[in-house]
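# sequence unknown, structure follows:
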């Protein structure tokens, strides 16, 4: 299996889906460019689940997304022939525990370690995110497409 070159974090999915978010148009353009491009890209399964939880949360949004709207959005992203869901495989625990030990994370930072471990497991070279916490994983190139568009 060929390595996935680019992965997308939850926050970028949220910004692309919710028009009221700062950076919405840049995030939407970034995902459109990925979906229409020739390069392989993926979304960690955990990020998809978190996306659904965030955009449907009435404590975050005055008018949260409906289940149908956000699930349709995920389906649309995954219709791209170059997209895939990055699932945690049978050896994930070993990868995850190694990432946690290497980065020395605990508490809330463990969530990002899970995403980083999933990226490592799938050979991801670059993670598109607006989160600075991924800088603790030196083997994973991190880019914020809302600051500088990495795809152009």
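Happy to help now that I have it. These numbers were taken from a predicted model, which means no experiment stands behind them.

# how near is residue 19 to residue 96?
35 Å (CB to CB, to the nearest Å). From N, CA and C alone the C-beta is placed, and that goes for glycine too.

# out of the two, which sits in the more crowded spot?
residue 96 (19 against 9; other CB atoms under 10 Å).

# identify the residues contacting the more buried one.
88, 113-114, 117 (CB atoms under 8 Å, 6 or more residues apart in numbering).

# mind putting these in TSV, neighbour count included?
Shown next, in TSV, are those (neighbours: other CB atoms under 10 Å):
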residue	neighbour count
88	17
113	24
114	19
117	24
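
# from those residues, which two are the most distant?
Across the contacts of residue 96, the longest distance by CB to CB is 12.4 Å; it joins 88 and 113.

# in this protein, what residue sits furthest out from the centroid?
The outermost residue of the chain relative to its centre, with distances by CA atoms, centre = their mean, is residue 62 at 24.1 Å.

# so that residue, which of the three states?
Local secondary structure at residue 62 is given as coil here, using DSSP: H, G, I helix; E, B strand; the rest coil.
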